[in-house]
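> Okay, here's the prediction I keep looking at, along with the sequence it came from:
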Amino acid sequence: MKKHFSQTESLVKGLLGSLLLATICAVGARAAEKKIVVGFSQIGAESGWRTANTESIKAEAAKRGIELKFADAQQKQENQIKALRSFVAQGVDVIAFSPVVETGWEWVLREIKRAGIPVVLSDRAVAVTDDSLYVTFIGADFVEEGRRAGRWLAKASDGKAVIAELVGTPGSAPAIDRKKGFTEVIGQYPGMKIVKSQSGDFTRAKGKEVMESFLKSPDAKQITALFAHNDDMALGAIQAMEEAGVKPGKDILIVSIDGVHGAFEAMAAGKLNCTVECNPLIGPQLFDAVDAILAKKKLPKRTQVIEGVFEQSQAAAELPNRKY
Ligand code: GYE
């Protein structure tokens with residue numbers, strides 16, 4: 001009996017020992033494959049472009065097993081600054097954000113730098129004197145997009161256009177740069193001039209509201225073209241035109257930027273004339289940059305996304321290929 005007991009005793013001891021060993025190994029393995037944590041401060045959900053951008057970032061993080069702390073700033077810089085500070089407090093591995101406006105970031109970026117957390121700028125740039133405050137920028141060439149819109153309109157109007165402009169969020173990189181590129185091109189044509197210019201904050205509702213007021217002004221009949229800094233504002237303006245008995249795409253030529261699904265549908269319906277593509281699907285490039293930073297690899301200061309220009313005649317064929 002005694003012998004039997006001691007046999008059981010050693011069996012239990014053995015079992016406990018191997019259990020302990022297995023637990024230690026599991027904890028060790030988990031520590032070794034510690035999840036990468038990225039804090040991302042998104043501007044908001046102001047447009048179809050933004051929604052596609054958010055989805056691309058979330059999907060890519062999930063695919064790579066990266067823990068993403070995602071904060072929506074509802075288009076307010078103060079909310080973004082709060083989110084960035086909370087990422088610092090949580091000690092994330094990398095911070096990425098899409099800055100709503102260009103200026104006013106120096107302080108918070110310095111705080112992040114002091115905490116030793118690398119920063120990636122996604123989609124929009126910041127205006128800072130010290131460019132060591134971020135590692136890299138991934139996004140489009142907004143000046144070139146503006147030029148492309150200008151070139152298209154110059155060709156379509158034969159260099160003669162009285163233009164209304166729906167500007168993006170005041171102070172944002174795409175609003176500043178798209179205007180710059182567009183005016184640079186139309187400046188070469190004496191017959192092209194901007195007669196109205198106001199912000200529609202990149203939203204459909206504001207685009208509609210501002211277009212309504214353009215159409216109510218005494219010189220509304222002169223307008224022959226609309227340049228909208230994004231598709232959503234153009235889609236809102238199309239609604240305003242239709243309600244006012246103006247034929248969008250015919251009475252007023254319309255060129256906008258982004259290339260979202262709704263723009264292709266409007267082009268296929270003959271209401272929008274041209275969209276200049278701005279690719280929001282930058283999730284993969286963003287997390288490639290995160291991986292490279294954590295592997296201590298050197299990155300270029302700027303990585304550009306590749307984009308095209310689409311006209312009405314291409315809309316129907318291109319629609320099924322559109323991913324956003
Ligand atoms: O064009 C617009 C969005 O920053 C490129 O922001 C982005 C712009 C895009 O709201 O639709």
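Cool, the structure landed.
> Can you tell me the number of residues neighbouring the residue nearest to E106 when sequence neighbours are not counted?
Excluding its sequence neighbours, the residue lying closest to E106 (CB to CB, 6 or more residues apart in numbering) is V128, at 5.7 Å. For every residue, glycine as well, the C-beta is placed using N, CA and C. Look at V128: counted by other CB atoms under 10 Å, it has 16 neighbours.
> Tell me which residues touch V128, please.
Counting by CB atoms under 8 Å, 6 or more residues apart in numbering, V128 makes contact with W105, E106, L109, Y134.
> Buried ones among the residues you listed?
W105, L109, Y134 (16 or more other CB atoms under 10 Å).
> Would you check which pair of the contacts of V128 lies furthest apart?
Largest separation among these by CB to CB: E106 and Y134, giving 11.3 Å.
> What segments of the stretch 151-300 of the chain are strands?
Applying DSSP state E, counting those that start in this stretch to the stretch 151-300 of the chain gives strands spanning 161-167, 192-199, 225-228, 253-258, 274-277.
> can you redo those strands as JSON lines with mean neighbour count?
Converted to JSON lines, the strands of the stretch 151-300 of the chain look like this (neighbours: other CB atoms under 10 Å):
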{"stretch": "strand 161-167", "mean neighbour count": "24"}
{"stretch": "strand 192-199", "mean neighbour count": "17"}
{"stretch": "strand 225-228", "mean neighbour count": "28"}
{"stretch": "strand 253-258", "mean neighbour count": "28"}
{"stretch": "strand 274-277", "mean neighbour count": "26"}
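> how about those strands, which one is nearest the ligand?
strand 253-258 (4.9 Å; CB to the nearest ligand atom).
> That closest one: partners in the sheet, and parallel or antiparallel?
strand 225-228 (parallel), strand 274-277 (parallel) (DSSP bridges).
> CA atoms of it as PDB?
The C-alpha trace of strand 253-258 is given here as PDB (Å, rounded to 0.1, in the frame of the first residue of the first chain):
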ATOM      1  CA  LEU A 253     -18.800  71.200 -66.300                       C
ATOM      2  CA  ILE A 254     -17.700  69.500 -63.100                       C
ATOM      3  CA  VAL A 255     -14.300  68.200 -62.200                       C
ATOM      4  CA  SER A 256     -13.500  66.900 -58.700                       C
ATOM      5  CA  ILE A 257     -10.900  64.800 -56.900                       C
ATOM      6  CA  ASP A 258     -10.900  61.300 -55.200                       C
END
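> where exactly do the strands run in the stretch 1-150 of the chain?
For the stretch 1-150 of the chain, the strands defined by DSSP E, counting those that start in this stretch cover 37-42, 67-72, 94-97, 119-122, 136-139.
> Okay, and the beta partners of the closest residue to V120 other than its chain neighbours?
Nearest residue to V120, sequence neighbours excluded (CB to CB, 6+ apart): A96, at 4.2 Å. Beta-bridge partners of A96, counted by DSSP bridges, are F40, V120.
> what do you get for Q304?
G139.
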